[in-house]
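please find the sequence and the predicted model below.
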Amino acid sequence: MTLRLVREKHVKYFLRLLHIMPSNLTDFDSTRPMIAYFAFSGLDLLNSLDEIGEQAKSEAIDWIYGLQVEGAGPRSGFQSSTTIPKDVPEYQYGHLAMTYTSLVTLLILDDDLSRVDRQSIIEGVRACQNPDGSFTAMVMGCESDMRFLYCASCVSAILDDWSGVDISRAIDYILRSISYDGGIGQGPGLESHGGSTFCAVASLFLMREHINILEVLTRDRLARLKRWCLMRQDGGFNGRPGKPSDTCYSFWVGATLELLEFLNFSDAEQNKTFILNTQDTLVGGLAKFDNTRPDPLHTYLGLCGLSLLRQPGLCSINPELNISQRAYEHLQRIHKKWRSE
């Protein structure tokens with residue numbers, strides 16, 4: 001039997017998610033911008049943003065701007081929740097991942113970013129870079145690894161301002177995180193991982209106006225990296241050796257191969273079959289594995305993986321920023337306007 005993308009079910013899944021968080025997602029209540037990003041960007045990929053309505057879009061944009069910590073110097077950015085009161089500013093801190101997801105969601109909703117405190121956010125990005133080139137999620141102290149270097153790169157690319165990133169130190173951190181097997185870990189000496197490999201490679205592509213990627217990723221490094229990524233396929237893709245295929249890595253590893261112009265060397269049909277088998281055909285959504293409960297992350301990234309495979313009915317995706325090509329072209333028009341001012 002030919003597997004079919006149950007598009008209408010997935011649209012309803014994301015629409016429900018925008019109205020109420022399922023009880024099994026209570027642990028993610030403090031990272032609502034991320035959940036909103038999965039839902040809005042998922043609807044965008046499904047060509048279904050119009051189902052939201054203009055008033056709801058406007059309300060969502062205002063809600064996102066309500067998360068912005070403005071003029072707070074190193075604490076600037078977008079925070080993770082509106083539960084932190086505005087009258088207690090010392091508890092308000094920007095978070096790099098929430099800043100990234102907030103900015104791309106504004107782009108997806110066709111906002112012009114005119115209310116973004118660009119200069120202040122760049123100051124916040126600068127304050128989060130560590131001496132070793134990595135980034136911490138928040139200036140007050142948090143995890144430091146390749147994920148937040150990627151978020152800092154995305155924010156800099158979106159705001160068209162790289163003055164908050166010491167690029168040479170960031171590249172050094174990436175190079176020191178390349179493992180013996182050719183993949184890239186969350187940091188130096190750590191195991192290669194599909195997610196951190198994407199974050200490192202995508203960051204370099206976002207920096208391409210300022211660096212020569214072929215000088216950073218030499219011919220030998222590229223050959224080993226491509227081989228490591230291709231070796232992650234076992235039907236779908238896994239994130240590291242010895243692990244089963246997982247829907248999200250069809251994007252993390254697939255997007256890395258797409259950026260390296262090597263995705264066509266993978267088995268697209270096996271990958272597509274794996275992803276489609278994880279669908280919940282009754283209530284919508286995609287899961288990590290077949291016969292497990294769907295969740296927002298795997299639903300969104302599964303659709304992203306299918307978009308890379310040119311699945312009919314889905315928008316094309318910009319793999320570097322992980323947004324639709326439509327939203328990326330909107331960003332390019334904003335940059336053109338900024339540069340003419």
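Yep, it's here.

excluding its backbone neighbours, what's nearest residue 104?
residue 323 (5.1 Å; Cβ to Cβ, 6 or more residues apart in numbering). In short, each C-beta sits where N, CA and C put it, glycine included.

from residue 285, how far out is the one you found?
Applying Cβ to Cβ, to the nearest Å, the value for residue 323 to residue 285 is 20 Å.

which elements pack onto the longest helix along the chain?
Assignment by DSSP state H gives helix 325-340 as the longest helix of the chain. Secondary-structure packing of helix 325-340 (3 or more Cβ pairs under 8 Å, 6 or more residues apart in numbering; DSSP states H and E): helix 32-45, helix 96-108, strand 317-318.

now with 10 Å?
In this structure, helix 325-340 packs against helix 32-45, helix 96-108, helix 146-158, strand 317-318, strand 323-324, with contacts taken as 3 or more Cβ pairs under 10 Å, 6 or more residues apart in numbering; DSSP states H and E.

can I get the ones you listed in CSV including distance to residue 58, mean pLDDT and mean neighbour count?
CSV is the format used below for those (distance: least, Cβ to Cβ, whole Å; pLDDT from 0 to 100; neighbours: other Cβ atoms under 10 Å):
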stretch, distance to residue 58, mean pLDDT, mean neighbour count
helix 32-45, 13, 96, 24
helix 96-108, 12, 98, 27
helix 146-158, 21, 98, 26
strand 317-318, 25, 98, 22
strand 323-324, 20, 98, 26
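
next, format these as CSV and append distance to residue 239.
Putting the helices and strands packed on helix 325-340 into CSV (distance: least, Cβ to Cβ, whole Å) gives the following:
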stretch, distance to residue 239
helix 32-45, 19
helix 96-108, 18
helix 146-158, 13
strand 317-318, 19
strand 323-324, 22
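
out of those, flag the one nearest residue 205.
Of all these, helix 146-158 sits nearest to residue 205, with 9.0 Å by Cβ to Cβ.

gap between that closest one and the chain center?
How far helix 146-158 lies from its chain's middle: 9 Å, per Cα atoms, centre = their mean, to the nearest Å.

helices and strands around that helix, which ones?
strand 77-78, helix 96-108, helix 118-128, strand 135-136, helix 167-176, helix 194-206, helix 325-340.

what angle sits between that helix and helix 118-128?
Following axes from the mean of the first three to the mean of the last three Cα atoms, to 10 degrees, one obtains 160 degrees for the angle between helix 146-158 and helix 118-128.

for residue 124, give me its contacts.
Each residue near residue 124 by Cβ atoms under 10 Å, 6 or more residues apart in numbering is listed here: 69, 72-78, 93-96, 99, 117, 138-139, 152, 155, 164.

before we move on, the earlier item: now the longest helix of the chain: buried residues?
326, 327, 328, 330, 331, 334 (16 or more other Cβ atoms under 10 Å).

and if you look at stretch 259-268?
Buried residues in stretch 259-268, counted by 16+ other Cβ under 10 Å: 259, 260, 262, 263, 266.

contacting residues for the residue nearest to the third one when sequence neighbours are not counted?
Translated: residue 262. Of all residues not flanking residue 262 in the chain, residue 226 sits nearest, at 4.9 Å (Cβ to Cβ, 6+ apart). Contacts for residue 226 were tallied using Cβ under 10 Å, 6+ apart; they are 182, 217, 256, 257, 260, 261, 262, 265.

host element of the third one?
Counting by DSSP states H and E, the element that carries residue 256 is helix 249-259.

which strands or helices does that helix pack on?
Helix 249-259 packs on helix 194-206, helix 219-230, strand 233-234, strand 236-237, helix 268-277, helix 296-308, strand 317-318, going by 3+ Cβ pairs under 10 Å, 6+ apart.

as a markdown table, the ones you listed with distance to residue 38 would be great.
Below are the helices and strands packed on helix 249-259 laid out as a markdown table (distance: least, Cβ to Cβ, whole Å):
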| stretch | distance to residue 38 |
| --- | --- |
| helix 194-206 | 15 |
| helix 219-230 | 24 |
| strand 233-234 | 24 |
| strand 236-237 | 19 |
| helix 268-277 | 16 |
| helix 296-308 | 4 |
| strand 317-318 | 14 |
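
how about those, which one is nearest residue 43?
Counting by Cβ to Cβ, residue 43 lies closest to helix 296-308 out of the helices and strands packed on helix 249-259; the figure is 9.8 Å.

just curious, which of the buried residues of helix 325-340 is nearest to residue 222?
Nearest member of the buried residues of helix 325-340 to residue 222, counting by Cβ to Cβ, is residue 328, at 24.4 Å.

now that closest one: closest residue in space that isn't a chain neighbour?
Residue 328's closest residue in space is residue 318 (Cβ to Cβ, 6+ apart), at 4.0 Å.

thought that neighbour was touching residue 329?
Yes - using Cβ atoms under 10 Å, residue 318 is in contact with residue 329, at 8.8 Å.

okay, the residue lying closest to residue 325 once chain neighbours are set aside: pLDDT?
Closest residue to residue 325 apart from its sequence neighbours, by Cβ to Cβ, 6+ apart: residue 316 at 4.4 Å. Note on residue 316: pLDDT of 97.
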